[in-house]
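>>> Using only what follows, build the 3D model:
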Amino acid sequence: MVRLPVYQRILADQVRNRTSTLSSEQLASLAGVNAAKVRKDLSLLGSFGTRGTGYDPAFLLAQIDRALGVDKNWAIAVVGIGNLGRALTNSQGFASRGFHVTALFDVDPMVIGEEIKGLRVRHMNEIASLRSHERPAIGVITTPGWAAQEVANLLVQVGVTSILNFAPRVLTVPAHVHLRYVDLSIELQVLGFYRAWRDEPSSDGAEESEPPPPLIRSVGLSAPTDIV
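Below you'll find the predicted structure:
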């Protein structure tokens, strides 16, 4: 349910603004989708709206938080403590959404042993010796592309079943592992494609009348069924 976090942020804003009710049409407009899609998405969580009235933003926000696991504490291991890894480790936004960085790994001797936000950076090889109580719920890979597959293998070896990959490489993982990619260069290329399409003149010199191709919302998911 890739749209739930979008609904969550919108509803949080509505709660802060003391909105008492919100219709599916209003939520759809704010999320940039149609109302039928909103109702379908939310129906998978339960029946929370009142016909002719709408949703209670605070109640619906609580239900989405529960579905997203925000009410839990998810341990995160960051592997690759370069600029991006440090930025993610120092981010203040994770804890408010139930995610806590609990382990840091790298292979650079200049970085190993360094302390960041109270966590000592350990050698990547130590991932293989993690005990069950140390195992993170989510592994975040921020290494160069050449090292990413080895990191993924180590994380899977110790039982990590959720991986977020920032490295510019397509990874191979077992079917039971949930894998998502965040590649900023790909996202920029996607935006570049739509920008070029918009700026491309039509062959007869007239203004382009054909609708643009559908916007690609996410790239590199672990399986097509992740897109709902």
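>>> Just list what the strand or helix carrying residue 149 packs against, helices and strands only.
Taking DSSP states H and E as the definition, residue 149 sits inside helix 145-157. Contacting helix 145-157 under the criterion 3 or more Cβ pairs under 8 Å, 6 or more residues apart in numbering; DSSP states H and E are the following elements: strand 74-79, strand 138-141, strand 162-165. Every residue, glycine included, has its C-beta placed from N, CA and C.
>>> Which strands and helices lie in contact with the last one?
Helices and strands touching strand 162-165, by 3+ Cβ pairs under 8 Å, 6+ apart, are strand 138-141, helix 145-157, strand 178-181.
>>> Adding distance to residue 98 and mean neighbour count, write the helices and strands packed on helix 145-157 out as a markdown table.
Shown next, in a markdown table, are the helices and strands packed on helix 145-157 (distance: least, Cβ to Cβ, whole Å; neighbours: other Cβ atoms under 10 Å):
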| stretch | distance to residue 98 | mean neighbour count |
| --- | --- | --- |
| strand 74-79 | 6 | 22 |
| strand 138-141 | 11 | 24 |
| strand 162-165 | 13 | 21 |
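>>> With mean pLDDT and distance to residue 22 added, can I get those in TSV?
Converted to TSV, these look like this (pLDDT from 0 to 100; distance: least, Cβ to Cβ, whole Å):
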stretch	mean pLDDT	distance to residue 22
strand 74-79	93	28
strand 138-141	96	31
strand 162-165	94	30
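>>> related to what we said a few turns ago, just want the angle from the helix holding residue 149 to strand 74-79.
Helix 145-157 and strand 74-79 are oriented at 140 degrees to each other (axes from the mean of the first three to the mean of the last three Cα atoms, to 10 degrees).
>>> Looking at the helices and strands packed on strand 162-165, which is nearest to residue 112?
Of all these, it is helix 145-157 that lies closest to residue 112, at 14.5 Å by Cβ to Cβ.
>>> List the buried residues in that closest one.
Buried residues in helix 145-157, defined by neighbour count with 16 or more other Cβ atoms under 10 Å: 147, 148, 149, 151, 152, 154, 155, 156.
>>> In the protein, which helix is the longest?
Longest helix of the chain, by residue count under DSSP state H: helix 184-199.
>>> Now do the same contact list for residue 90.
By Cβ atoms under 8 Å, 6 or more residues apart in numbering, the residues touching residue 90 are 116, 117.
>>> Show me how the record splits this structure into domains.
According to automatic domain parsing, the chain comprises the domains 4-68, 74-181.
>>> and for stretch 152-170, what are the contacting residues?
77, 79-80, 84, 124-125, 127-128, 130, 132, 135-149, 151, 171-174, 176-183, 185, 220.
>>> Output that stretch as PDB - backbone C-alpha positions only.
Listed next in PDB are the C-alpha coordinates belonging to stretch 152-170 (Å, rounded to 0.1, in the frame of the first residue of the first chain):
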ATOM      1  CA  ALA A 152      22.400  -7.900   1.100                       C
ATOM      2  CA  ASN A 153      23.700 -11.400   1.300                       C
ATOM      3  CA  LEU A 154      25.000 -10.800   4.900                       C
ATOM      4  CA  LEU A 155      21.700  -9.200   6.000                       C
ATOM      5  CA  VAL A 156      19.700 -12.100   4.500                       C
ATOM      6  CA  GLN A 157      22.100 -14.600   6.100                       C
ATOM      7  CA  VAL A 158      21.300 -13.300   9.600                       C
ATOM      8  CA  GLY A 159      17.500 -13.300   9.000                       C
ATOM      9  CA  VAL A 160      16.800  -9.700   7.900                       C
ATOM     10  CA  THR A 161      13.700  -9.800   5.600                       C
ATOM     11  CA  SER A 162      13.300  -6.100   4.900                       C
ATOM     12  CA  ILE A 163      15.900  -4.200   2.900                       C
ATOM     13  CA  LEU A 164      16.000  -0.600   1.600                       C
ATOM     14  CA  ASN A 165      18.700  -0.200  -1.000                       C
ATOM     15  CA  PHE A 166      20.100   3.200  -1.900                       C
ATOM     16  CA  ALA A 167      23.100   1.700  -3.800                       C
ATOM     17  CA  PRO A 168      22.900   2.000  -7.600                       C
ATOM     18  CA  ARG A 169      22.600  -1.700  -8.300                       C
ATOM     19  CA  VAL A 170      19.800  -4.200  -8.800                       C
END
